[in-house]
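all I have is the shape, not the residue letters:
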């Protein structure tokens with residue numbers, strides 16, 4: 001496997017930074033060029049592994065929904081629920097108005 005890619009130039013990295021609207025220093029250009037080379041190398045290695053006989057997947061193992069049976073259970077009594085509310089009005093929770101609508 002020979003690597004036919006050429007190293008990213010500082011000008012290419014500067015161009016990418018400009019496209020991304022990033023202000024970078026000269027020192028950062030060197031660091032980013034090295035980091036981008038590593039990233040591009042990793043992507044190239046993944047591309048080498050991909051084969052036509054291997055279907056694309058989104059997960060390594062098949063997914064399936066897990067359902068639990070619905071079981072009816074008694075709910076709490078209204079008075080018990082409202083007893084813990086900071087404010088109650090007409091057998092309902094009273095909450096602060098948030099939309100600025102009139103009643």
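Okay, I see it. Since this is a predicted model, take the numbers as computed values, not measurements.

next, count neighbours for residue 18.
Other residues within reach of residue 18, judged by other CB atoms under 10 Å, total 11. C-betas here are computed from N, CA, C, even on glycine.

could you pull out the buried residues of the strand or helix carrying it?
In this structure, residue 18 sits in helix 10-19 according to DSSP states H and E. For helix 10-19, a neighbour-count test (16 or more other CB atoms under 10 Å) marks 13-14, 16 as buried.

next SSE downstream of it?
Taking DSSP H and E, what comes next after helix 10-19 is helix 26-49.

if you count neighbours, what's buried in the helix or strand bottoming out on mean pLDDT in the chain?
Lowest on mean pLDDT, DSSP states H and E among the helices and strands of the chain sits helix 26-49, with a mean of 88. Using 16+ other CB under 10 Å as the test for burial, helix 26-49 gives 29, 32-33.

tell me the one of these nearest residue 60?
Nearest to residue 60 out of those is residue 32 (CB to CB; 31.4 Å).

quick revisit: now the helix holding residue 18 against helix 26-49, angle please.
Angle of helix 10-19 versus helix 26-49, following axes from the mean of the first three to the mean of the last three CA atoms, to 10 degrees, is 90 degrees.

off-centre distance for helix 10-19?
A distance of 26 Å separates the centroid of the chain from that of helix 10-19, by CA atoms, centre = their mean, to the nearest Å.

which non-adjacent residue is nearest residue 93?
residue 85 (5.1 Å; CB to CB, 6 or more residues apart in numbering).

over to residue 8?
residue 33 (5.0 Å).

contacts only, for the one you found.
7-10, 12-13 (CB atoms under 8 Å, 6 or more residues apart in numbering).

sounds good, over and out.
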